[in-house]
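J.: Let me see the structure of the following:
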Amino acid sequence: MSCFLRKVYILLLFLTIGAKFSYSQDEFQLIELRINDYLKAEIEPDQLNKDVKKYLTDITKDGYWSAIDYSSVAETSWEPLVHLKRVKQFSLALSLKNEDVNEKSKLEMLTVKALRFWLTKNPKSKNWFQNEIAAPTTIGEILMLLRNASILPASLQDSLLKSMEQGNVVKAIGANKLDIATHIIYRASLTKDKALMDSAVHQAFLPITLENKEGLQRDYSYLQHGPQLQIASYGQVFLTGEYKVASWLLGTRYALPAEKLKILDHYLNETFLKTIRGRYIDFNTEGRGVSRNDVLDKIDITSKAGPNALLTLAEKVSPLNRNILVAAQKRIIQQEEPSFMIKPAHIHFWKADYTVHSRPAYSFNVRAVSKRTIRAETGNKENLLAKFLPDGSTNIQRSGEEYFNIMPVWEWDKIPGVTARDYLSDQKLTIEWGERGVGPFIGGVSDGVYGASAYQLNYNEVTAKKAWFFFDNEVVCLGAAINSFAKEAITTTVNQAWQKSIVKAFANNKLISVDKTLSSKDLKWVWHDSVGYYFPKGGKLKLSNQVQTGSWSSINLNRSKEQVKGKVFKLWFEHGIDPADDSYAYVVRPRVSEKDMLVEAYTSTEILSNNGAIQAVKNDALNMVQIVFYEPGILKGSNFSIKVDRACIVLINNVSGKTPTVHLADPTQTLDQVKFSFNSQWVKESEERLISFPNGTDKGKSVSFQFE
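T.: Residues are numbered from 1 along each chain as shown. Next comes the predicted model:
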């Protein structure tokens with residue numbers, strides 16, 4: 001190479017490196033600008049000014065507030081964090097640059113002193129979250145806001161950046177990994193450290209996969225704190241955080257890859273939003289957060305909560321989903337009815353032991369627990385009474401507000417859907433952060449619109465086989481092989497929700513208005529709040545329509561001790577003490593009027609079997625049969641027979657037609673295959689079919705085939 005060409009080559013190399021460096025710096029500036037816009041987006045200037053003036057009045061000349069207990073090590077409501085949040089308010093005010101000269105000078109001085117005080121005091125909580133996520137995140141936000149204020153000495157900023165080096169982002173999982181990665185993004189942006197930014201963004205988006213031990217699962221459920229259902233709670237934190245970070249990085253080299261965005265959108269649209277009815281989410285999805293007041297209200301994910309709300313961020317990142325997101329927002333802010341743009345769907349989450357059945361008129365969801373998943377957790381003095389919450393709890397919603405803030409007054413051994421011992425007082429959880437379930441046979445079959453789920457209960461000296469069969473206008477709920485040697489009587493609760501209307505019952509061949517209580521062995525049906533409950537096989541039933549009292553502190557020691565009360569509709573079966581092979585059957589029919597209950601007989605489904613071996617229902621209107629085989633066996637209907645050589649769950653569409661479609665699932669998630677045979681007036685099979693079940697992380701997923 002000639003000397004001239006060598007010089008040209010070197011010049012081009014420097015120009016290329018310079019261009020890349022400049023581009024990188026431009027990207028850092030863009031990311032920093034977006035983060036600052038995000039942090040300032042929800043400012044209400046009048047309220048901010050009011051808060052800042054108050055905090056300036058209360059703060060000492062040494063930069064602390066005497067009312068804050070800096071020695072606190074509390075796990076929740078950690079007081080020292082209030083100090084940082086107030087300093088963040090100072091930083092927001094300074095970033096707006098609208099104070100007079102004297103006020104600004106005082107604010108700058110006290111902001112610096114308050115940050116120095118924090119470093120000197122170095123408070124710590126017993127809860128790792130406060131130390132490794134909450135505090136460093138708030139410090140990062142303060143530093144981002146003060147970036148252009150030029151008030152922090154370099155040594156102070158360096159010390160604060162050093163204090164942010166908390167949490168092991170590589171070992172963290174799910175929403176926790178994302179939270180730690182987020183405050184690392186702040187550090188990377190502040191220091192313009194490309195290597196640190198590369199690492200932080202990689203870690204932030206790493207949870208958006210379907211092969212996580214915890215976090216987002218193959219079935220698009222969300223598990224955290226072990227394999228524990230957390231579709232809201234941690235799942236909502238995950239969604240909001242991922243869309244937030246993705247919005248900062250749009251159009252940069254760090255932007256969320258298309259394949260990951262597809263996964264994130266699917267979880268939001270097809271899982272999370274489907275658990276919300278109207279304005280309120282299924283109580284089963286909130287983890288220990290179910291013990292916090294107002295947690296079921298999802299107004300906080302809409303624009304009503306500000307420009308940084310989940311649905312707003314999701315639309316910014318995924319504008320092609322605007323119609324879905326706008327419809328969800330209209331339902332949540334109650335601009336439209338809960339039925340608005342809801343399509344029929346049935347999803348069984350085989351990794352989470354959870355079923356969602358959604359119709360325009362209602363939602364009916366079921367939570368169970370197996371030896372593969374973890375029961376409800378208590379921790380940080382929260383969720384003290386949820387001992388039986390995962391034992392087949394059913395969330396039945398029409399308006400959506402049926403269970404909103406009912407938890408303090410619930411009788412917690414009569415959670416809707418649950419079969420349990422009837423205690424004199426509510427039983428506390430004794431194992432923090434959850435315990436493993438024990439049953440192997442828990443699962444469900446689904447064709448995407450209809451399905452059946454089963455839960456073999458074996459907990460707290462109570463055993464039972466519980467199944468739910470989901471159709472368009474009704475859900476059939478069966479229980480069999482109910483046994484217990486416990487000293488308490490055993491009950492199965494049909495529902496326990498806020499009393500919203502008059503309660504009518506048809507018992508002993510007459511129509512009754514139930515003002516307070518009813519006990520009957522001849523109860524045909526009950527109607528309340530546009531939902532009908534039918535009892536085709538009878539049973540000893542009790543109904544209570546009375547005021548119940550409690551307090552949030554009874555379920556969450558961090559909450560108010562003030563008494564809460566309200567009138568509660570509660571309906572349950574009594575199986576008595578020492579039940580032996582007892583059973584129950586009830587049909588829930590949402591969207592039915594009192595008049596319809598009087599004139600319409602319930603005839604669209606037929607219970608074919610309800611015992612310890614087989615539970616099965618046929619729906620004539622849909623020409624569909626759904627069966628739970630707890631063991632190898634044969635089910636014979638009036639014009640068909642089905643035989644399996646292994647325990648499984650079966651759904652057959654067009655069962656009396658020429659081309660039935662069969663859907664099967666293995667609730668034990670241990671089988672490789674099942675031998676299946678079917679005969680009807682149109683289908684004659686002389687040999688059994690060998691049907692293979694999915695392997696790996698798809699174990700438990702439904703498989704299907706169609707007869708030709």
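
J.: what helices or strands is the longest strand belonging to the chain leaning on?
T.: Determined from DSSP state E, the single longest strand within the chain is strand 563-576. Judged by 3 or more Cβ pairs under 8 Å, 6 or more residues apart in numbering; DSSP states H and E, strand 563-576 is in contact with strand 490-498, strand 541-551, strand 582-590. Where C-beta positions appear, they are placed from N, C-alpha and C, glycine not excepted.

J.: got CSV for the ones you listed, with mean neighbour count too?
T.: Formatted as CSV, those follow (neighbours: other Cβ atoms under 10 Å):
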stretch, mean neighbour count
strand 490-498, 23
strand 541-551, 18
strand 582-590, 22
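
J.: how about those strands in CSV, adding mean pLDDT?
T.: Formatted as CSV, the helices and strands packed on strand 563-576 follow (pLDDT from 0 to 100):
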stretch, mean pLDDT
strand 490-498, 98
strand 541-551, 98
strand 582-590, 97
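
J.: Relative to residue 561, which of these is closest?
T.: Smallest distance to residue 561 across those (Cβ to Cβ): 5.4 Å, for strand 541-551.

J.: Contacts for the closest one, please.
T.: 408-411, 494, 499, 503, 505, 514-521, 523, 526, 535, 559-574 (Cβ atoms under 8 Å, 6 or more residues apart in numbering).

J.: tell me the angle that strand makes with strand 563-576.
T.: Interaxial angle, strand 541-551 versus strand 563-576 (axes from the mean of the first three to the mean of the last three Cα atoms, to 10 degrees): 150 degrees.

J.: For strand 541-551, output the C-alpha coordinates as CSV.
T.: Output of strand 541-551 as CSV, limited to C-alpha atoms (Å, rounded to 0.1, in the frame of the first residue of the first chain):
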residue,chain,number,x,y,z
LEU,A,541,-77.4,-25.7,51.2
LYS,A,542,-77.2,-22.6,53.2
LEU,A,543,-77.5,-19.0,52.2
SER,A,544,-76.5,-15.9,54.1
ASN,A,545,-77.4,-12.3,53.1
GLN,A,546,-76.1,-10.3,56.0
VAL,A,547,-73.6,-7.7,57.1
GLN,A,548,-70.1,-8.9,57.6
THR,A,549,-67.3,-7.0,59.4
GLY,A,550,-63.6,-7.0,59.4
SER,A,551,-60.5,-4.8,58.9
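
J.: pLDDT weak spots in the stretch 201-350 of the chain?
T.: Applying pLDDT under 70 to the stretch 201-350 of the chain flags no residue at all.

J.: same question, the chain
T.: Looking at the chain by pLDDT under 70, you get 1-25, 98-102, 601.

J.: What segments of the protein are helices?
T.: Ranges of helices in the chain, per DSSP state H, are 3-40, 45-58, 80-96, 101-121, 128-129, 135-145, 154-163, 174-191, 194-205, 234-248, 258-266, 310-317, 322-332, 594-599.

J.: Now do the longest strand of the chain against strand 582-590, angle only.
T.: Using the same axes, to 10 degrees: strand 563-576 against strand 582-590 is 130 degrees.

J.: and strand 563-576, which strands flank it?
T.: The partner list of strand 563-576 in its sheet, established with DSSP bridges, is strand 490-498 (antiparallel), strand 541-551 (antiparallel).

J.: Mind listing what's buried along that strand?
T.: Neighbour-count burial for strand 563-576 flags 564, 568-575 (criterion: 16 or more other Cβ atoms under 10 Å).

J.: picking up where we left off before, distance to residue 299 and mean neighbour count for the helices of the chain - can I get that in CSV?
T.: Output for those, formatted as CSV (distance: least, Cβ to Cβ, whole Å; neighbours: other Cβ atoms under 10 Å):
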stretch, distance to residue 299, mean neighbour count
helix 3-40, 20, 13
helix 45-58, 19, 13
helix 80-96, 22, 21
helix 101-121, 33, 17
helix 128-129, 25, 15
helix 135-145, 24, 23
helix 154-163, 35, 14
helix 174-191, 21, 24
helix 194-205, 27, 18
helix 234-248, 13, 24
helix 258-266, 22, 15
helix 310-317, 11, 22
helix 322-332, 6, 19
helix 594-599, 31, 13
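
J.: so which of those helices gets nearest residue 662?
T.: It is, among the helices of the chain and with distance given as Cβ to Cβ, helix 258-266, at 26.5 Å.

J.: What helices and strands are in contact with the closest one?
T.: helix 234-248.

J.: so which of the helices of the chain comes closest to residue 215?
T.: So among the helices of the chain, helix 174-191 is nearest, using Cβ to Cβ, at 3.4 Å.

J.: which other helices and strands contact the closest one?
T.: Looks like helix 174-191 contacts helix 3-40, helix 135-145, helix 154-163, helix 194-205, strand 215-216, helix 234-248 (3+ Cβ pairs under 8 Å, 6+ apart).

J.: 10 Å - rerun?
T.: helix 3-40, helix 128-129, helix 135-145, helix 154-163, helix 194-205, strand 215-216, strand 222-223, helix 234-248 (3 or more Cβ pairs under 10 Å, 6 or more residues apart in numbering; DSSP states H and E).

J.: quick one, the third one and helix 154-163 angle?
T.: Right, the one you point to is helix 135-145. Using the same axes, to 10 degrees: helix 135-145 against helix 154-163 is 140 degrees.

J.: Can you give the distance of helix 135-145 from its chain's centre?
T.: Relative to its parent chain, helix 135-145 has a centroid offset of 28 Å by Cα atoms, centre = their mean, to the nearest Å.

J.: tell me which strands and helices it is in contact with?
T.: Packed against helix 135-145 by the contact rule (3+ Cβ pairs under 10 Å, 6+ apart) you find helix 3-40, helix 80-96, helix 101-121, helix 154-163, helix 174-191.

J.: can you pull the contacts of residue 288?
T.: Residues near residue 288 by Cβ atoms under 10 Å, 6 or more residues apart in numbering: 225, 228, 230, 233, 295, 376-384, 386, 389, 429, 432-434, 555-556.

J.: Whichever of those residues end up buried, select them in ChimeraX.
T.: Entered in ChimeraX, the line below selects the buried ones among these, by 16+ other Cβ under 10 Å:
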select :225,228,230,233,295,376,377,378,379,380,381,382,383,384,386,389,429,434,555,556
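
J.: In strands, which of the contacts of residue 288 fall?
T.: Among the contacts of residue 288, DSSP E puts none in strands.

J.: Wait, residue 421 touches residue 412, no?
T.: No - Residue 421 is not in contact with residue 412 according to Cβ atoms under 10 Å; the separation is 11.5 Å.
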